Each structure stands twice: as structure tokens, then as C-alpha cells.
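Asks: Provided below are the primary sequence and the corresponding predicted coordinates.
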2 protein chains.
Amino acid sequence: MQSDRADLDGVFAALADPTRRAILARLRERDASVSELAEPFDMTLAGVSKHLDVLERVGLVHRVARGRERRCHLDPRPLRAVAAWAADYRAFREGRLDALEAPSAEEERP
Amino acid sequence: MQSDRADLDGVFAALADPTRRAILARLRERDASVSELAEPFDMTLAGVSKHLDVLERVGLVHRVARGRERRCHLDPRPLRAVAAWAADYRAFREGRLDALEAPSAEEERP
């Protein structure tokens, strides 16, 4: 539980940057080298590498050796926690207030 | 589009803190005053207020006058963008690699 929380902290923080989300969208299409990733963003390799470090730290990207080069690969597993978290709010999002105003005792959720 | 991005930046950043996520979980049950929110977290009112400021800035929480006091209310609308974003990765998460390795031209997603 504690580690789930820590994971979500890092994953949400990693997703809070538009370049990092664009990198993930790019890797969703196919694996890519760092220079391939850098190209559409008009960023230096160092700049892209920093973003990749953040994504790698939370497990969203792995760099794998492919022949002579290293290619970046999207690992979607951390996104399951994000989807699961968002799913907990689906009833609320859909305006099913009956589910919200149930007369259950207030639970502390520290 | 640009504003969608900016919204997601802020919403993801707001969600990257476990106390803020716990506040949202609490407000999912029912509206609450700031002091009711502060209680289970063993935080000062000022500390909770700072977190509420962040949540309010991205539209996840509104403070509404209810009689003499102001109560905090969860607005789930920004979470739709999060759910929609996560849904874009569902095929990838579920390992449907055929959807990933389609021979489509590479799209630039700056």
C-alpha cells in the first residue's frame, strides 16, 4: 500500500510534463532511439535524456540494447495504477450521486 | 488542445501528492469543511488549506458557502481528462501488441 502510493506519486509527477507525455505517445507507436525521440521536440539529446531518466525511474520506460544502439521501450504497467485510481472516481464523474450520498459511516482515509 | 495540455499538467501535478489524493478520496464520500479534512491527516489547517489551494487551482475542488461555513466539494470534471488520457494506453496496457506494431507511418507528436 505504501509502495503503491509512492509509485503513484512518482508516476503522476512524471506525467505532469507535456514533453514526457508526448514521449510516451511516441513510444506507444514503436520503440525509438533517444535521437529519434529528440527530433520532433526540437530538444537537445541531453534534454530528452533527462525526461527519459524521469520516465525510467518510475518504470514507464526501459532502455533496451537492440544491436548496436539502445532503444527506448514503453512499459505500460505503471499506468495500470493510474487507470485504477481514475476508475475509483468513475461513479462520481458520471454524476451517480446516489453512490456518493450513501449513509455509510464516514471513513477516515488518512 | 494547448489548454487541454495545460490542464493535464496541473491535474497530474496536483495528483502527485498522497495527501491531496487522500483529500479527494475523503471528498468523494461527502463535502467537508477544512477542519473536518484536517482532522484525519494530523495536519494544521494552514497545511490542508495549501493542498486545497492546489486542488482548487486545477478545478478539482470548489469551496462553497453552506450556511455559516464553507465546505469543500469535489469537482470530478478534471478527472475525465485523466481517465481519457489513461484510456489511450489501454490497448498497450492489455498487451495487444498487434495494435502497437501496425505498419502506419510514424506520426510526429511534438
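Replies: Structure received. Numbers count the residues shown, from 1 in each chain, chains lettered A, B, ... in the order given.
Asks: mind listing the helices for chain A?
Replies: For chain A, applying DSSP state H gives helices covering A:2-15, A:18-29, A:34-38, A:45-57, A:77-87, A:90-93, A:97-100.
Asks: Out of those, which is the most enclosed?
Replies: helix A:18-29 (a mean of 20; mean count of other Cβ atoms under 10 Å in any protein chain shown). Placement of C-beta: from N, CA and C, glycine included.
Asks: and the helices of chain A as JSON lines, adding distance to B:Thr44 and mean pLDDT?
Replies: Formatted as JSON lines, the helices of chain A follow (distance: least, Cβ to Cβ, whole Å; pLDDT from 0 to 100):
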{"stretch": "helix A:2-15", "distance to B:Thr44": "21", "mean pLDDT": "83"}
{"stretch": "helix A:18-29", "distance to B:Thr44": "33", "mean pLDDT": "95"}
{"stretch": "helix A:34-38", "distance to B:Thr44": "44", "mean pLDDT": "92"}
{"stretch": "helix A:45-57", "distance to B:Thr44": "31", "mean pLDDT": "95"}
{"stretch": "helix A:77-87", "distance to B:Thr44": "27", "mean pLDDT": "91"}
{"stretch": "helix A:90-93", "distance to B:Thr44": "28", "mean pLDDT": "76"}
{"stretch": "helix A:97-100", "distance to B:Thr44": "28", "mean pLDDT": "47"}
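Asks: Save those helices as a markdown table, and put in distance to chain B too.
Replies: Output for the helices of chain A, formatted as a markdown table (distance: least, Cβ to the nearest Cβ, whole Å):
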| stretch | distance to chain B |
| --- | --- |
| helix A:2-15 | 4 |
| helix A:18-29 | 5 |
| helix A:34-38 | 9 |
| helix A:45-57 | 12 |
| helix A:77-87 | 4 |
| helix A:90-93 | 4 |
| helix A:97-100 | 7 |
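Asks: Nearest to B:Arg66 among those helices would be which one?
Replies: B:Arg66 lies closest, by Cβ to Cβ, to one member of the helices of chain A: helix A:97-100, at 15.9 Å.
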